[in-house]
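> Predicted model, plus sequence, below.
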Amino acid sequence: MEIDKKIIKKLIDTLEDLKKSLKDKDIISKDDPVEEEIEISKAVVKSPIVGTAYLAPEPGAKPFVFVGKKIKKGDTIMIVEAMKTMNHVPSSMDGIVKKILVEDGQPVEYDQILIILE
C-alpha cells in the first residue's frame, strides 16, 4: 500500500490552517473541575453495567440520593435499566454525596462514574 504524498501534504496544510485559526486556544480544557474533584476524593461509585440511569424508583418519586445525603455501603443510589430489567446500583462505600454526575434518564456506560462521595 502506497501513501499518496499529495494527500498527506494537504492534510498537514489543513491542520496548520486550523491551528492558526485557533490562535493558541486550547480545544480541551485542562482545568476540568470534575476531574479535579475525582482526583481529590477518590471516593466514587461507578456503573456496574451499560443502560439507562434513573435517580428515583419511579417517575415523580423522591430520588434515592441527593447532594449532601449521607449514605452507607450497600444503599441503593440509583437504578440502571438494561434490557427492561431494573438493576439497583448499591453504594460501594460509606460517605456523603458530593456530586451526582448523571441526570435522570441518561444513558450510562460500564464503569462510568455516577456519583462522587466525600
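Right, received. Where do you want to start?

> C-alpha only now, for contacts and for neighbours.
Fine.

> if I pick residue 105, what's in contact with it?
Contact analysis of residue 105 by CA atoms under 8 Å, 6 or more residues apart in numbering lists 52, 53, 54, 55.

> which secondary structure element contains residue 6?
Assessed by DSSP states H and E, residue 6 sits inside helix 5-22.

> Go ahead and confirm residue 116 touches residue 46.
No. Shown here, residue 116 and residue 46 do not form a contact pair, counting by CA atoms under 8 Å, at 9.2 Å.

> Looking at those two now, which is surrounded by more residues?
The neighbour comparison of residue 116 against residue 46 (other CA atoms under 10 Å) goes to residue 116, with 22 against 19.

> Could you check what's spatially nearest to that one, not counting adjacent residues?
When the adjacent residues along the chain are set aside, residue 116 lies closest to residue 44, with 4.5 Å between them (CA to CA, 6 or more residues apart in numbering).

> That neighbour touches residue 101, doesn't it?
No. Because the distance of 10.3 Å does not satisfy CA under 8 Å, residue 44 is recorded as not touching residue 101.

> Name the next helix or strand following the lowest-mean-pLDDT helix or strand in the chain along the chain.
Each helix and strand of the chain was given a mean pLDDT (mean pLDDT, DSSP states H and E); the minimum falls on helix 33-41 at a mean of 55. Sequence order places strand 44-46 as the next helix or strand after helix 33-41, per DSSP H and E.

> Now do the same for residue 81: its pLDDT.
According to the prediction, residue 81 has pLDDT 94.

> So which residues make contact with the strand or helix carrying it?
Secondary structure assigned from DSSP H and E places residue 81 in strand 76-82. Contact with strand 76-82 is made by 47, 49-57, 63-65, 86-91, as judged by CA under 8 Å, 6+ apart.
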